[in-house]
Structures are given as C-alpha cells and as structure tokens.
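# kindly return the folded structure for what I paste below:
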Amino acid sequence: MVYSQDCSVVCGSTSVRWDDYSKAAKFLVFDNFIEQVDQQAHKSLVGIDVRNVLRGYIREVSSSPKFGSTPEDDEDELDRRVMFLSSCLTDVNQFQATEPRDKIYGLHALYTSLGIPLPEVDYGKSIARVYEGAAVAMVCWSGTLKVLGDACRIHRDGPFPSWVPNWSDGNMKISTPSGNATAGSRISKSSPAALNPIQGELHVRGKIIGTVEAWTKHFTITSAFPTHSEQCDIPTFSEKATDLIGDEETLRLWIDKTRFFRQFYALLQTNPIYCDRSEPEDIAYDLFKQEIYSEPDDIFTAWLDILQYPKSKFDLTFGKDLVEKWKSATGSGAELWTEELTNCAVIMASLISNKVDNQGRAFDGSPDILEMIGQFSTNLTDKALILARLHLNDKMALGTSISSTELGDLIVLLEGADWPIVVRPTHSRWSFIGPAFVAEIMDGEAWSDENGKLGSMSNFVLA
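This is a model prediction of the structure:
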C-alpha cells in the first residue's frame, strides 16, 4: 500500500481510492461525528495516518535527490527523515496486531529497505529483545537518541530495560519537548556492537549538568499536572454542574487544571528569580507549550488575565452565578468549596459556557482558549514541575519532567538528544527516567562554553 502509486480499498464488489478513504475517515472522526464514533475508530485513524505519512515519504525520497547540495542541507534532510520515521514508529502502539512482535516486524521490510539496520526477524526472541534491537537500530540510523522519548512511561515494565520503548503499550503517549539542548549533536558510536555490546545496555556519552531538588521545600503548590480524575481533591458536583459538560469527572479535572495553571503563573509573578530576566508570561508559555522562545499570542494573554479572576479585566458574572448554584446543591460537601476552588470553577464555567464579557461586549475567544488548554494538557500529561539546581552556575531553574522524577535524580545532556534527560543512578548503571524541559538549557546553553568547547565527557550505561 505504501509503495503503490494508485491504491484502492476494496470491500466486496465496491472500491474507493485510498486518498478519498483516508480523507473520509479523518472527516468522520475529527470533523463531524467525534462523539458518535467508537473509540476504536481513533486508533484505526492513527494507522491510516501512519500509512499516509509513509506514502508521502516514499514518494519524496524516490523523486528527489538523495541529499542536498550543502552539509547544512544534508543535516536538515536527515533531521526531517528522522522525524518522519520516528513518528511512525511512535504510533505503532495504536496498531491492532495481536502478536506484539509484529508492531516492529510489520514495518521490517519497509524500514530495512530505507537503510534502518533492524535485526533479522526472529519470533524466538522475547518481545523486550525485539524492541531493544529496533531501538538500537533507530539510534544507529538516525545518529540521535530521539527514539528514547518513546521509552518515557509512568509504570515500568519488568522485562524492559528503562531506555527501551514498549511499542505494544497502547497508552504510551507522553509528549517529548522540542529543543536543541546539545546543539544538534550526533552520537559518536554508530554501530550496534558499540552501542549495545551487552543485552539490556545502551552505551552513550554526555555530561551531568544538574540535580533535581525537593519541590516542597520551596513551594506549596502541587507539582504534578492533574492528568487523571483520581488526582483531583475537588468535591463531587451536583447534576446541575454536569449539565455544562456532560461528564462530571472531566469537569472536575478541567477545574483542577485551571488551579494548576493559575497557581504556577502566580508563582512566576512572585518569584522573578526563576524567570532569569524574562517576563513571567514568556516563561509560562514556553513551559506550557514545551518549546523554547515561543511567542505568546493574544489568546494566551487574554487567558492569563482571566486566570487572575477576580482581579481580571474580563467579566465572569455568568460563571460566578452558575457556580453559586453548584455550591448550594453540593450538600454536605459545601465546606470543601474554598475560595481558590470557587475562583477556578468560575473561570472554567465561564469559558465552557462561552459567557465571558470584555468591557460590555461578548468575548469570542473562549473556544480558542479551551483548545489551547487542551493542547497544553497534552504537552503536560503525566508530567510534573521540577526544580533543578544547575551545576554550571549553581542557579535554581524551573522545568518539567515525567511525574515519576524524584529528589536526587540527575539531569544530563547526552550526545544525540534534543532535550535534557533525567537519569537515576543504580550501582554502576543508570536508569532512564525521561526527557525534561528546563528553559535555561534547551538551546545548547549548558552543552559547550562560549568558545564552543564541550569540556570533559563521561560514559553512561543506560540499563
């Protein structure tokens, strides 16, 4: 299907062109009937999208010169190809193969034909060993550690080394931040034998640049981003409240997210030391978007103003009246409605109802704000705020990493990684915890000195 110039999907005596089929699937799932389709349809659409990405990639590779005319063009082209093929591999966890080895072996012929040195197909190998071989192959081919982003997970699987993705885990979807923390570096070891001389180990080079400090020693706000409803300590709502969104757990979670965003922005405003001469809104936007030097827009600015309710310039009277009705119907749990919780509920009630006024006029940006919050939530799923002490200047910096990060974990920069990595020492080896986002080191600031010298590098064995 990927290589076909003119592909059709056939059912009985009826057929439809692949391009029309994929457009129809996307329309049904995302544009019109998202509430009516079965959840499995979303997973099916991922498979369709992966095939489309691969079709486009193959067409482009076959119709264009192998690489550009300059070394810079070559680097850009390689980075683009790594992005395409790594993203397809990330999404195989949504595929419906009943044999988990086929998550890799289903792509084996295609990926090996594109120069990725996947080991020979061998169903006698364990799932962990098959996935380990695929991860090493991607590292060798790409010259990067990008594939390690897929190994980031909350619950560790017994047979899997910490750095090996479990591509059969359908819930594996923790977002990795974008960055250039090692200034586009590539791994210096390029063979499977050098990278993976012993089963279960990945041998890489880099340097320790920071330590994770205790969050609660410095701040009282909760560090974990509210990803799951069971994390909420918000009271159960009445039926009147659920009429607004149709699902009580979703409403409670959105209000808890509002509390997280609101308290973190207040923390930045009252602790300018963590902004390093930047504006609090710029740091907040970078961290929520998980990108460096991103530019806040008018929607983000309006949202930050709304988050400061009741001191906001926007009028949230409709939401305030609605929440008062919720509180009166709560019953015995009324004492749980603190002032902070009430303010957060007013903000969400106003946004979801699309009843925000701006100096006597209806504000039409509420849907855009909700969409933005949804994207930020995806970026921060299963993550937590971290406080990092940077060894370079002994400064404290705010960031995010996977929520299983602990006090004393180390922050390292490894050759070929776009982002800082949190690791945990275990005897003479290191456990890979996950990528981190720390604003002050995302653009190569800690990778080399002002003269471009890397300094001493250490060997790390991830296990």
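# report the distance from the longest helix along the chain to the chain centre.
The longest helix of the chain (DSSP state H) is helix 39-63. Put simply, helix 39-63 sits 20 Å off its chain's centre (CA atoms, centre = their mean, to the nearest Å).
# now swap in stretch 111-125 and tell me
28 Å.
# and for stretch 379-388?
For stretch 379-388, the distance to the chain centre is 10 Å (CA atoms, centre = their mean).
# what do you get for stretch 136-145?
Stretch 136-145 sits 20 Å away from the centroid of its parent chain (CA atoms, centre = their mean).
# just the CA coordinates of it, formatted as CSV?
What follows is stretch 136-145, C-alpha atoms only, in CSV (Å, rounded to 0.1, in the frame of the first residue of the first chain):
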residue,chain,number,x,y,z
VAL,A,136,19.3,0.4,18.8
ALA,A,137,18.7,0.3,15.0
MET,A,138,16.9,3.6,15.1
VAL,A,139,19.7,5.2,17.2
CYS,A,140,22.4,3.9,14.7
TRP,A,141,20.5,5.0,11.6
SER,A,142,19.5,8.5,12.9
GLY,A,143,22.6,9.3,14.9
THR,A,144,20.3,10.6,17.6
LEU,A,145,18.5,9.4,20.8
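# pLDDT (mean, whole number) over it?
For stretch 136-145, mean pLDDT rounds to 96.
# over to stretch 276-293?
Across stretch 276-293, pLDDT averages out at 91.
# ok, now stretch 42-53?
For stretch 42-53, mean pLDDT is 86.
# what residues of that stretch count as buried?
Neighbour counts over stretch 42-53 (16 or more other CB atoms under 10 Å) mark 44-46, 48-53 as buried. (Each C-beta comes from the backbone N, C-alpha and C, glycine too.)
# touching that stretch from outside, list them.
For stretch 42-53, the surrounding residues in contact (CB atoms under 8 Å, 6 or more residues apart in numbering) are 1-2, 21-22, 25-26, 29-30, 84, 87-88, 91-92, 94-96, 170.
# how many other residues sit next to Ala135?
25 (other CB atoms under 10 Å).
# compute the distance between it and Lys453, please.
31 Å (CB to CB, to the nearest Å).
# and Lys26, that one's in a helix?
Yes: counting by DSSP: H, G, I helix; E, B strand; the rest coil, Lys26 is found in a helix.
# all helices of the stretch 351-463 of the chain, in order?
Using DSSP state H, counting those that start in this stretch, the helices of the stretch 351-463 of the chain run over residues 366-380.
# would a markdown table of the buried residues of stretch 42-53 with distance to Pro177 be doable?
What follows is the buried residues of stretch 42-53, written out as a markdown table (distance: CB to CB, whole Å):
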| residue | distance to Pro177 |
| --- | --- |
| Ser44 | 29 |
| Leu45 | 25 |
| Val46 | 22 |
| Ile48 | 27 |
| Asp49 | 22 |
| Val50 | 23 |
| Arg51 | 28 |
| Asn52 | 26 |
| Val53 | 22 |
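# what sits closest to Leu454 if chain neighbours are left out?
Ser448 (5.2 Å; CB to CB, 6 or more residues apart in numbering).
# hey, where'd the strands end up in this structure?
For the chain, the strands defined by DSSP state E occupy 8-11, 14-17, 202-213, 357-358, 361-362, 383-390, 395-402, 410-414, 421-426, 429-438, 458-462.
# tabulate those strands in CSV, adding columns for mean neighbour count and distance to Lys311.
As requested, the strands of the chain are exported to CSV (neighbours: other CB atoms under 10 Å; distance: least, CB to CB, whole Å):
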stretch, mean neighbour count, distance to Lys311
strand 8-11, 11, 56
strand 14-17, 11, 56
strand 202-213, 20, 31
strand 357-358, 15, 15
strand 361-362, 9, 20
strand 383-390, 22, 24
strand 395-402, 21, 23
strand 410-414, 23, 36
strand 421-426, 19, 36
strand 429-438, 24, 29
strand 458-462, 15, 48
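# hang on, the earlier thing: any idea how far Pro420 is from the residue nearest to Leu454?
As judged by CB to CB, Ser448 and Pro420 stand 15 Å apart.
# so which of those two has more stuff around it?
The residue with more neighbours, out of Ser448 and Pro420, is Pro420; 27 against 15, by other CB under 10 Å.
# correct me, but that one touches Ala439?
No: with contact defined as CB atoms under 8 Å, Pro420 does not count as touching Ala439 (10.7 Å).
# who touches both of the two?
Common neighbours of Pro420 and Ala439 are listed as Gly399 (criterion: CB under 8 Å, 6+ apart).
# returning to that earlier point: buried subset of the contacts of stretch 42-53?
2, 22, 25, 29, 84, 88, 91-92, 94-95.
# which single one of those is nearest to Glu201?
In terms of CB to CB, no member of the buried ones among the contacts of stretch 42-53 lies closer to Glu201 than Val92, at 24.0 Å.
# which residues does the residue nearest the centre of the chain contact?
The centre of the chain sits closest to Ser175, judged by CA atoms, centre = their mean, with a distance of 1.2 Å. Shown in contact with Ser175 (CB under 8 Å, 6+ apart): 290, 378-381.
# try it again at 7 Å.
Going by CB atoms under 7 Å, 6 or more residues apart in numbering, Ser175 touches 290, 378-379, 381.
# burial of the residue nearest to Leu307 when sequence neighbours are not counted, as a residue count?
Spatial nearest neighbour of Leu307, excluding adjacent residues (CB to CB, 6+ apart): Arg262 at 4.6 Å. Residues contacting Arg262 under the criterion other CB under 10 Å number 20.
# roughly how far does Arg262 sit from Ala439?
Following CB to CB, the distance that separates Arg262 from Ala439 is 20 Å.
# quick one on the thing from earlier: give me the pLDDT value at the residue nearest to Leu454.
Note for Ser448: predicted pLDDT of 88.
# I'd say it and Ile441 touch.
No: Ser448 is beyond contact range of Ile441, at 11.7 Å (criterion: CB atoms under 7 Å).
# what is in contact with those two at once?
Here Ser448 and Ile441 have no joint contacts, going by CB under 7 Å, 6+ apart.
# about what we covered before: the residue nearest to Leu454 and Ile386: what is the separation?
Counting by CB to CB, the separation of Ser448 from Ile386 is 24 Å.
# and if you look at Ile221?
Ile221 sits 13 Å away from Ile386, going by CB to CB.
# would you list the phi and psi of Met172?
Main-chain dihedrals, Met172, degrees, to the nearest 10: phi -70, psi 100.
# neighbours of it, how many?
Neighbour count of Met172, defined by other CB under 10 Å: 19.
# for it, give me its contacts.
Applying CB under 7 Å, 6+ apart, we find Met172 in contact with 93, 150, 153, 165-166.
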